[in-house]
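1. Here's my sequence, what's the structure:
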Amino acid sequence: MSQLNNSKSANYWAVVPAAGVGKRMASDIPKQYLKLHDKTVIEHSCQRLLGHAQISGIIVALGEKDEYWPALELASDKPVITVTGGQERCHSVLNALQKLVQMSQQNEHAVALSDWVLVHDAARPCLRHSDIDLLVGQLDQNAVGGLLALPVRDTMKRQNTQQCVADTVEREGLWHALTPQMFRLGQLKQAIEEAIETGFLMTDESSAIEHAGLQPLLIEGREDNIKITRPADLKLAEMYLKAQQDE
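-> Residues are numbered from 1 along each chain as shown. The predicted structure follows:
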C-alpha cells in the first residue's frame, strides 16, 4: 500500500459506526440510544467529537431501519452527515469513508484524501478532548496513523472449547484497543477494501491497516474511555461523566 504524504493543513473528520444493536445489553433499544444522564449515549459520543476544535465534522453510519436518530438534536455548526451502515462494522465504516471520498470529488467541505479520519465507537461516550489532543499531536506527522489503547494489566487466560483455561497468555506487550483510531482517509479506505476483498476478518480499523503491512502507533489513553457493552457499563459511564464534570 502506498503511503500518503502528510500535510499540516489536513482536516480531521470523525466517523461513528452506529448500525449495531448491542445484543449483550439485553435491551429493546439499541445501546447507543439508551439514556445516559440527560442525553442518549450516541449524543454524548458525537458531541465529544464535535466539541473539539480540530474536528471538521462527523459522518454517522446508521442502521437501515434506524428510527431513533431523527429525534436527536445535535447542536453544532459543523457538518453532521449520515449514511446507511452495512452488515458488519467494517462495512459501515467503509460506507462513511466512501461518503467522504465523494465529498472530496465534489469539493464539499474541503475534504481531501490526505485528511485524517478518527473512527470512534458510538458507545464510548466518555471520550476526553485531551485524548483527541494526544492523537492529533502524536500522529500529525506520522506516515501511518495510530489508535488509543491501554496496556493490559491483568493476567490473561485463553479458554478451550469447554470454557476451561487452556493456557496463560503472557501480558507483556499486550494492549486493549480503544477508539478513536486515526488514519488517513485514502489509506484507510484502501486498506478496508483490500481486507474485505481477501476475506480478512477485521475487528477494528487498525486491523485493516496492519493487514496492509503497516504498523499503527499505540497511544496510551485514559481508562475512563469505556465502551458500553453490558448493562453495568451504563452505570459506570454515569459515574465517569459525573467525575469529569466535577473536575
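2. Spatially nearest residue to residue 78 (excluding sequence neighbours)?
-> With C-beta to C-beta, 6 or more residues apart in numbering as the measure, residue 57 is the residue that lies nearest to residue 78, at 4.6 Å, once sequence neighbours are left out. Backbone N, C-alpha and C define where each C-beta goes, glycine included.
3. Just grab the bridge partners of the one you found for me.
-> In this entry, residue 57 is beta-bridged to residue 13, by DSSP bridges.
4. hang on, it packs against residue 82?
-> No - no contact is recorded between residue 57 and residue 82 when judged using C-beta atoms under 8 Å, the distance being 11.6 Å.
5. Comparing these two, which residue is more hemmed in?
-> Taking residue 57 and residue 82 together and counting by other C-beta atoms under 10 Å, residue 57 has the greater number of neighbours (20 against 17).
6. And the helices in the chain?
-> Taking DSSP state H, the helices of the chain run over residues 41-50, 89-105, 129-139, 185-197, 205-211, 231-246.
7. right, and those - which one's nearest residue 165?
-> Residue 165 lies closest, by C-beta to C-beta, to one member of the helices of the chain: helix 231-246, at 24.0 Å.
8. What is the closest one packed up against?
-> Counting contacts by 3 or more C-beta pairs under 8 Å, 6 or more residues apart in numbering; DSSP states H and E, helix 231-246 is packed against strand 35-36, helix 41-50.
9. So what's the gap between the first one and the chain middle?
-> So that's strand 35-36. 20 Å (C-alpha atoms, centre = their mean, to the nearest Å).
10. Okay, angle between the longest strand along the chain and helix 41-50 too, please.
-> Ordering each strand of the chain by length in residues (DSSP state E) puts strand 175-184 first. Using axes from the mean of the first three to the mean of the last three C-alpha atoms, to 10 degrees, the interaxial angle of strand 175-184 with respect to helix 41-50 works out to 60 degrees.
11. Which strands border strand 175-184, and is each parallel or antiparallel?
-> strand 116-119 (antiparallel), strand 145-151 (antiparallel).
12. Flag the shaky bits of this protein, pLDDT-wise.
-> Confidence mapping of the chain against pLDDT under 70 gives the ranges 1-8, 22-24, 26.
13. Report the central residue of it.
-> In the chain, the C-alpha closest to the average C-alpha coordinate belongs to residue 120, at a distance of 2.0 Å (C-alpha atoms, centre = their mean).
14. Test my guess that it contacts residue 47.
-> No - contact between residue 120 and residue 47 fails when scored by C-beta under 8 Å: they sit 11.7 Å apart.
15. May I see the buried residues of stretch 169-181?
-> Neighbour-count burial for stretch 169-181, counted by 16 or more other C-beta atoms under 10 Å, picks out 177, 178, 179, 180, 181.
16. again with stretch 96-104
-> Of the residues in stretch 96-104, those buried under the neighbour-count criterion (16+ other C-beta under 10 Å) are 96, 97, 99, 100, 101, 103, 104.
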